[in-house]
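can't give you the sequence, but here's the structure:
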């Protein structure tokens, strides 16, 4: 289960290493577009309460605040006054079309890897249990005494 979680987290949190940049990491021009949009909506870009940089941000948190990467810090104010009217009833942002129902290819891929890893792990446990049962003699349909490996001479 731990391996499944590691694979899922790596594909979800750090996909740039394998699948290229996310939509919001794609270009500094796009980050500049976000800066201009935020400034037009009333964010204090000029008197920011933290480091500003025309970089890229990674994703939105469930409260739609920006989550930053190590080199990608740029935030304008800690509690932007213009976000509240834009929040929709389903938790999304009203200006983002179909933001609630859209599932990105990265999400599909991460979910696929998690489910695949889970079933591989369960299959491994099933095979281990079956091998132990055969060795202990509980599986009546499989006879261990007739396996060809038992008739081979030892390597020593």
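That came in fine, so what should we check first? The model shown is predicted, which means the values in this text are computed figures rather than measured ones.

quick one: find the helix or strand in this protein with the lowest mean pLDDT.
strand 59-60 (a mean of 48; mean pLDDT, DSSP states H and E).

buried stuff in the longest helix belonging to the chain?
As assigned by DSSP state H, the longest helix anywhere in the chain is helix 105-136. Of all the residues in helix 105-136, those buried under the rule 16 or more other CB atoms under 10 Å are 106, 110, 113-114, 117-118, 134. For glycine as for every other residue, the C-beta is placed from the backbone atoms N, C-alpha and C.

could I get the average pLDDT for it?
Average pLDDT, helix 105-136: 88.

who does it touch, helix- and strand-wise?
Applying 3 or more CB pairs under 8 Å, 6 or more residues apart in numbering; DSSP states H and E, we find helix 105-136 packed against helix 2-13.

what's the neighbour count on residue 41?
15 (other CB atoms under 10 Å).

mind starting the numbering at 138 from now?
New numbering, starting at 138: the last item is residue 178.

roughly how far does residue 269 sit from residue 285?
21 Å (CB to CB, to the nearest Å).
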